[in-house]
Structures are given as structure tokens and as C-alpha cells.
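Enquirer: Turn this into a model:
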Amino acid sequence: MHITLRQLDVFAEVLKSGSTTQASQMLALSQSAVSAALADLEGQLGVQLFDRVGKRLVVNEHGRLLYPRVVALLEQAAEIEQLFRDDNGAIRVYASSTIGNYILPEIIARYRRDFPELPLELSVGNSQDVINAVADFRVDIGLIEGPCHTADIVTEPWLEDELVVFAAPGSAILQQPVTLETLSTAQWILRERGSGTREIVDYLLLSHLPQFRLGMELGNSEAIKHAVRHGLGISCLSRRVIAEQLESGTLVEVPVPLPRLVRRLYRIRHRQKHLSNALMRFLRYCDS
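Expert: This next block holds a predicted model:
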């Protein structure tokens with residue numbers, strides 16, 4: 001068997017574009033050369049990698065099995081090409097909102113001071129968005145606010161994070177002893193479902209209440225802070241998120257009759273993701 005990197009590159013591009021015509025344009029090859037490379041690869045493997053549906057090529061179970069391994073091989077080949085250069089491949093990071101907005105800026109600042117020219121792509125979304133991007137090989141590494149149970153993803157404990165319940169100064173809940181009952185009758189303003197923060201708040205806090213009143217769900221922490229500050233309800237977010245407001249007194253921590261609400265932040269990557277030197281270097285900054 002003599003599989004070539006060109007054949008694998010052609011396979012990956014055809015999978016992404018869905019046709020040999022578009023793949024030939026992306027690879028600057030003739031359509032006949034693309035078709036021949038794909039046919040040679042399928043011949044050597046003894047299986048079809050795509051179902052032919054009219055003029056479209058739809059990846060089948062054999063192609064889906066092969067694709068992650070092809071991506072890993074092509075990334076390793078690219079790393080070999082860069083081995084004696086500046087090792088300056090772009091790192092793609094996807095972080096959930098608390099991490100992306102309140103933890104990563106300091107890490108990236110330190111990284112940039114030492115490597116000002118190296119490209120770094122950062123996306124921010126909720127935890128489920130991050131998991132999906134890692135599973136689809138759209139990013140190199142993910143940082144999320146709760147555990148991931150997807151079989152193809154490696155989940156590693158990363159940092160500890162404390163959650164706090166908070167309200168506006170003068171809120172009614174602060175005018176009486178705070179009990180599970182008073183917490184259950186308050187209006188709660190929470191992150192949307194799919195958020196790592198929401199998953200942990202449901203598990204660590206709301207599961208202990210006799211009931212709870214959901215006032216509204218909001219898609220980002222800044223909106224929640226403003227809503228709470230204007231007296232629309234109470235909430236629970238990372239201490240990192242509201243640290244400045246607690247210090248200035250525009251928000252007040254609500255003491256709850258429960259153990260400290262502590263969660264673990266996680267680092268995730270695809271099980272078949274190749275860890276390049278550039279990626280390992282960035283991860284060292286995340287751990288320092």
C-alpha cells in the first residue's frame with residue numbers, strides 16, 4: 001500500500017466541499033486529477049469513502065472513520081514542514097463565556113508578551129458550542145465550565161472556580177435571614193440552558209431548594225449583572241465575573257446556607273487531536 005499525503009489531502013478537501021469540482025479549485029488541481037487521486041485512495045483501501053448522489057459526494061461510514069486520522073496525519077505533516085522554521089502555526093482556542101471573558105485575557109496577555117507575532121484565534125460561546133467545535137475538529141483546544149461526557153473527547157481538570165449568589169444592595173432577600181425557603185421564593189435570573197454555569201448552578205444550588213422561580217434566562221453574564229443591579233432578581237455566577245462589582249458595592253454577595261459552591265473548569269480536546277509543539281507551548285501558559 002502506497003497512500004500519499006496528496007491523496008489524503010484530496011480526500012479531506014472533497015469531504016469538506018462535497019464535490020471534486022470545488023475541491024479541485026481549492027487545491028489548484030484539475031478535476032480529473034482530484035477524481036483520480038480519490039479513486040486511487042479508495043482502490044488501495046478497498047472501500048468507497050463517499051456515496052455518489054447525483055453529482056454530489058456524500059461521505060459514508062468509511063469516510064467518517066478515516067477523516068479524523070487524515071486530519072491528524074495532515075497536521076503532523078504540516079508540523080514537519082515547520083519543524084526547522086519558526087513553528088508559528090495558528091492555535092485555535094474555543095472557550096466558554098466565563099473563561100473567555102474573565103480568565104483567558106490575562107493568560108493571552110502573558111503569552112503575547114513572549115510571542116507577540118504568533119497567531120492565536122479565540123472564539124467564545126457556551127460550553128455546548130465549545131464541545132461541538134472540539135468534536136468537529138474546528139478548534140485545537142476547548143476550555144469549558146463543566147464536565148464533558150462525549151466519548152471522543154479527552155477531558156482534563158484545569159482550574160477551580162467559586163460561584164456566588166448575589167443581589168442588588170437593599171434587595172428584599174437581604175432584609176431577612178437567608179434560608180433555602182427564602183432563596184426558593186426569590187426571582188432568579190440565570191444563564192441559558194447549555195451554559196456550563198447553568199449546569200453547575202442547577203446541580204450545586206437549585207437542586208437543594210424546595211422550588212425556585214425562574215424570572216428570566218439570559219445569554220451572557222454581563223446582561224445578568226445589569227438585570228440584578230436594577231433589582232429584577234438574584235443570580236449566581238463565578239466570583240471572577242462579579243469581583244469588581246462586589247468590591248465597588250454595586251452588587252452584594254448573598255450568604256447561602258450551603259457549603260461553598262465550587263466547581264472545576266475543564267480543558268478538552270479530541271481524542272485523536274495531535275498536540276503540536278505550538279499548542280503544547282500555549283497550554284503551558286494556561287497552566288502557569
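Enquirer: ok, and the closest non-adjacent residue to residue 251?
Expert: residue 245 (3.9 Å; CB to CB, 6 or more residues apart in numbering). Every C-beta, even on glycine, is put in place using the N, C-alpha and C of the backbone.
Enquirer: Just checking, which helix or strand succeeds the helix or strand hosting the one you found along the chain?
Expert: Assigned by DSSP states H and E, residue 245 belongs to helix 239-248. Next along the chain after helix 239-248, taking DSSP H and E as the criterion, comes strand 252-253.
Enquirer: Strand partners (parallel or antiparallel) of that following strand?
Expert: strand 153-167 (antiparallel) (DSSP bridges).
Enquirer: Neighbours of residue 243, how many?
Expert: 13 (other CB atoms under 10 Å).
Enquirer: Quick one, grab the pLDDT at it.
Expert: Per-residue pLDDT puts residue 243 at 95.
Enquirer: do you know how far residue 238 is from residue 141?
Expert: 20 Å (CB to CB, to the nearest Å).
Enquirer: of these two, who's got more company?
Expert: residue 238 (24 against 21).
Enquirer: my guess is the more buried one contacts residue 161, does it?
Expert: Yes. Assessed by CB atoms under 8 Å, residue 238 is found in contact with residue 161 at 5.3 Å.
Enquirer: shared neighbours, the two?
Expert: Common neighbours of residue 238 and residue 161, using CB atoms under 8 Å, 6 or more residues apart in numbering, are 98, 145.
Enquirer: picking up where we left off before, list the contacts of the residue nearest to residue 251.
Expert: Contacts of residue 245 by CB under 8 Å, 6+ apart are 166, 225, 229, 251.
Enquirer: show me what contacts the nearest residue to the first one once chain neighbours are set aside?
Expert: The reference is to residue 166. Spatially, and ignoring its direct neighbours in sequence, residue 166 is nearest to residue 251 (4.9 Å; CB to CB, 6+ apart). Contacts for residue 251 were tallied using CB under 8 Å, 6+ apart; they are 166, 167, 168, 169, 225, 228, 229, 242, 245.
Enquirer: got a pLDDT number for residue 251?
Expert: Taking residue 251 on its own, its pLDDT is 97.
Enquirer: Residue 197 now?
Expert: 84.
Enquirer: How about the contacts made by it?
Expert: Counting by CB under 8 Å, 6+ apart, residue 197 has contacts 96, 97, 98, 145, 163, 191, 221, 236, 237, 238.
Enquirer: Do a quick rundown of the helices in the stretch 1-150 of the chain.
Expert: 5-17, 20-27, 31-45, 61-82, 97-102, 104-114, 127-135 (DSSP state H, counting those that start in this stretch).
Enquirer: so residue 38 touches residue 13, yeah?
Expert: No. Residue 38 lies out of contact with residue 13 (CB under 8 Å); the separation is 9.7 Å.
Enquirer: So for those two, which residues contact both of them?
Expert: Counting by CB under 8 Å, 6+ apart, nothing touches both residue 38 and residue 13.
Enquirer: ok so, going back, could you measure the residue nearest to residue 251 against residue 174, distance?
Expert: The value you get for residue 245 to residue 174, if CB to CB is used, is 15 Å.
Enquirer: Ok, residue 11 next?
Expert: 62 Å.
Enquirer: Give me the more crowded residue out of the two.
Expert: Per other CB under 10 Å, whichever of residue 11 and residue 174 has more neighbours is residue 11, with 26 against 16.
Enquirer: Which members of the contacts of residue 251 are classed as buried?
Expert: Among the contacts of residue 251, those buried by neighbour count (16 or more other CB atoms under 10 Å) are 166, 167, 168, 225, 228, 229, 242, 245.
Enquirer: can you put those in CSV and add distance to residue 270?
Expert: Formatted as CSV, the buried ones among the contacts of residue 251 follow (distance: CB to CB, whole Å):
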residue, distance to residue 270
166, 36
167, 41
168, 43
225, 34
228, 37
229, 40
242, 33
245, 37
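Enquirer: any idea how far the residue nearest to residue 251 is from residue 169?
Expert: Distance from residue 245 to residue 169, by CB to CB: 10 Å.
Enquirer: Report the residue spans of this protein with pLDDT below the cut-off.
Expert: Confidence mapping of the chain against pLDDT under 70 gives the ranges 1, 83-89.
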